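**Q** please find the sequence and the predicted model below.
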Amino acid sequence: MRFTLSLLVFLLSFSAIAQKSDTAETTTYYFIRHAEKELSDPNNRDPELTKEGKERAQNWAKVLADVKIDFVFSSDFIRTRHTAEPIIKAQNAPLLIYDHKKLNEPEFQEKTKGKTSVIVGHSNSTPTFVNTILGTKKYDKIDEKVYGKLFIVTLKNDEIVDHMLTIN
């Protein structure tokens, strides 16, 4: 009887732990750099996307088509907002502007907890944002000629899993 009671308590405890881990919120971030920007005017700090950039922005929406996106974040530049637009339209997700110099703020963490978000940034801020979430400097600045990096960061419980893909 004592053994049966102990076994029952163990199984109920194990079941509760298993249910807790199954119901843990998963937070997923998809980080991309803005698409190709117009470089004809070196003094223009807020250029439009090139034809290739507009095509890449459309392609990002296709790449993410099977992912349910809750939020799309963009820094407040034409090239990042226009990279985000096809994703927003395809997903019917809101566009939220973030300060690319303030990364992973508590307000951002709370808003995105348990959600799936796309963050459109820059060659320097995108890997820095990923590194901030990871708590380590794993990724370097993206080369200025590279626009196809996709960083995926997933948080569940105390575990953080990250991947970097190149999609051209």
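**A** Structure's in. What do you need?
**Q** quick one: low-confidence parts of this structure?
**A** Applying pLDDT under 70 to the chain flags the ranges 1-23.
**Q** just the helices from it, written as ranges.
**A** Per DSSP state H, the chain carries helices over the ranges 2-22, 51-63, 78-91, 106-112, 125-134.
**Q** and the last one, what does it pack against?
**A** Under the contact criterion of 3 or more CB pairs under 8 Å, 6 or more residues apart in numbering; DSSP states H and E, the helices and strands touching helix 125-134 comprise strand 26-33, strand 116-121, strand 149-156, strand 159-166. The C-beta positions use only the backbone N, C-alpha and C, and glycine is treated the same way.
**Q** what residues of that helix count as buried?
**A** 125, 126, 127, 128, 129, 130, 131, 133, 134 (16 or more other CB atoms under 10 Å).
**Q** which one of the residues you listed is nearest to residue 110?
**A** Ranked by distance to residue 110 (CB to CB), these are led by residue 133 at 14.0 Å.
**Q** still on that earlier bit, just tell me which of the helices and strands packed on helix 125-134 ends up closest to residue 92.
**A** strand 116-121 (13.1 Å).
**Q** contacts for that closest one?
**A** 27-34, 64, 67-75, 80-81, 83-84, 87, 93, 98, 100, 126, 129 (CB atoms under 8 Å, 6 or more residues apart in numbering).
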